[in-house]
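*Asks:* Dropping a prediction and its sequence here:
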Amino acid sequence: MKIGIMGAGSIGCYVGGRLIAAGVDTVLVGRPSLAAEVAAHGMRLTDLHGFDLTLPPARVAIATEPGALAGCDVVLLTVKGGDTQASAALLGPVLRHDALLVSFQNGVNNAEVLRAALPGRAVLAGMVPFNVLRREGAYFHQGTSGTLAVERSRSAAEQPLVRALAQAGLPAAAHEDMLGVMWGKLIVNLNNSVNALSGVTILEQLASRDYRRVMAACVREGLQVLAAAGIKPKVDIPLPPRLVPFMLTLPDVLFRLAARSMMRIDPQARSSMWDDLERGRKTEIDALNGEVVRLAQRLGLTAPINAAVVQLVKAAEGHGSPRLDGRTLREKISAG
């Protein structure tokens, strides 16, 4: 099997690099700057469990044009949600008609966009639960844990991919209710914007009850909107989603005890949205907190907490993280 990665950023390079390291025939399509970094330094991959490997430049196949994906059996799309439609237009002429296209993107509607743009093609939704931080010199670090999710198809077309990911040390599972899985990830990922606005590491942020109260307010509002829509989010933690806001607002000592067994977080981990702000790039806030706001609007409801977060992140784009302390952030979004 040959796997292609379209949009090799932090997630695409990390997943693609792990597949290459496991001996899976993989080609990455990214920017010329990435190709130059890999040519100079190779590609270094590390994770919170101690994995540490540098692939020499000769082992990493990087192209800058989507034509390199023409021979792939499976293509993983890892571009930002706002680039899904444009990517579909580029992929249509080059993908084999029997190739499988999997959306490993933030947001909940990307697979639908791809199916509409590429009728007759095999398209599956996917979900990446963990965080990857990019450093200089083509260095990619997985800072949180989690199992990859892929939509289950009637033909079991996803199974070779699931096996290849497992071979690469990336646990993966097929799911029938991908809408619930994707909304579950989105609810957890509402933390990304809080982390981006704080400017501190995820662990430092979670150590602050004020920051946790902000996240709790975003999650509580998101769950209320999902309940009104009849959507049941699935989260990969041993706690019902409805109890997450309560846990986040616990006093620091009790929170540390409750959270210790739920997710491993590397001390250096930060959100990809923080990275986007620091690099002066447009964020995916519309595909995270913005999705909650849009769903609320479709239902005739409002989501003022998440809407306020969207405005703060958009105001910071192009300027870097505003590094708001927890109390100030609570005041700005009127979180209790």
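*Replies:* Structure received. Numbers count the residues shown, from 1 in each chain.
*Asks:* Spell out which residues sit in contact with residue 203, please.
*Replies:* 265, 266, 267, 269 (C-beta atoms under 8 Å, 6 or more residues apart in numbering). Using the backbone N, CA and C atoms, a C-beta is placed for each residue, glycine as well.
*Asks:* In contact with the first one, which residues?
*Replies:* Counting by C-beta under 8 Å, 6+ apart, residue 265 touches 48, 143, 144, 145, 202, 203, 206.
*Asks:* Now, of those residues, which are buried?
*Replies:* 48, 143, 144, 145, 202, 206 (16 or more other C-beta atoms under 10 Å).
*Asks:* ok, of those residues, which one's closest to residue 313?
*Replies:* The closest of those to residue 313 turns out to be residue 202 (C-beta to C-beta; 16.3 Å).
*Asks:* Dump the buried ones among the contacts of residue 265 into a markdown table; add secondary structure as well.
*Replies:* A markdown table is the format used below for the buried ones among the contacts of residue 265 (DSSP: H, G, I helix; E, B strand; the rest coil):
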| residue | secondary structure |
| --- | --- |
| 48 | coil |
| 143 | coil |
| 144 | strand |
| 145 | coil |
| 202 | helix |
| 206 | helix |
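*Asks:* If we only consider these, which is nearest to residue 213?
*Replies:* residue 206 (11.7 Å).
*Asks:* can you pull out the strands in this structure?
*Replies:* 2-6, 25-29, 43-47, 52-55, 61-63, 74-77, 100-103, 122-127, 132-135, 139-142, 148-151, 172-175 (DSSP state E).
*Asks:* Least confident of those, on average?
*Replies:* Of all the strands of the chain, strand 132-135 carries the lowest average pLDDT, namely a mean of 88.
*Asks:* picking up where we left off before, buried among the contacts of residue 203? Make that a PyMOL selection.
*Replies:* Per 16+ other C-beta under 10 Å, the buried members of the contacts of residue 203 correspond to this PyMOL selection:
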select buried, resi 265+266+269
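*Asks:* This protein - how does it break down into domains?
*Replies:* 2-176, 181-333 (automatic domain parsing).
*Asks:* Of those domains, which shows the lowest average pLDDT?
*Replies:* Among the domains of the chain, domain 181-333 scores lowest, at a mean of 91.
*Asks:* Among the strands of the chain, which comes closest to residue 321?
*Replies:* Among those, strand 132-135 sits nearest to residue 321 (C-beta to C-beta), with 13.9 Å.
*Asks:* And the contacts of the closest one?
*Replies:* Contacts of strand 132-135 (C-beta under 8 Å, 6+ apart): 9-11, 13-14, 140-143, 268-270, 272, 275.
*Asks:* Just the buried residues out of those, in ChimeraX syntax.
*Replies:* Only the buried entries of the contacts of strand 132-135 go into this ChimeraX selection, using 16+ other C-beta under 10 Å:
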select :9,10,11,13,14,140,141,142,143,269,270,272,275
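*Asks:* Nearest to residue 153, out of the contacts of strand 132-135: which one, please.
*Replies:* Out of the contacts of strand 132-135, the member with the shortest distance to residue 153 (by C-beta to C-beta) is residue 11, at 22.0 Å.
*Asks:* Tell me who's in contact with the closest one.
*Replies:* Contacts of residue 11 by C-beta under 8 Å, 6+ apart are 78, 104, 128, 132, 272.
*Asks:* What about the residues you listed, which are in helices?
*Replies:* residue 272 (DSSP state H).
*Asks:* Among the contacts of residue 11, which one has the most neighbours?
*Replies:* Of all these, the highest neighbour tally under other C-beta atoms under 10 Å goes to residue 78, namely 28 neighbours.
*Asks:* wait, doesn't residue 333 sit right on residue 303?
*Replies:* No - counting by C-beta atoms under 8 Å, residue 303 is not a contact partner of residue 333; they are 11.2 Å apart.
*Asks:* which of those two has more neighbours?
*Replies:* residue 303 (24 against 20).
*Asks:* Quick one: residues contacting the closest residue to the more buried one other than its chain neighbours.
*Replies:* Counting by C-beta to C-beta, 6 or more residues apart in numbering, residue 303 lies nearest to residue 296, which is 4.0 Å off, once chain neighbours are set aside. Each residue near residue 296 by C-beta under 8 Å, 6+ apart is listed here: 225, 228, 302, 303.
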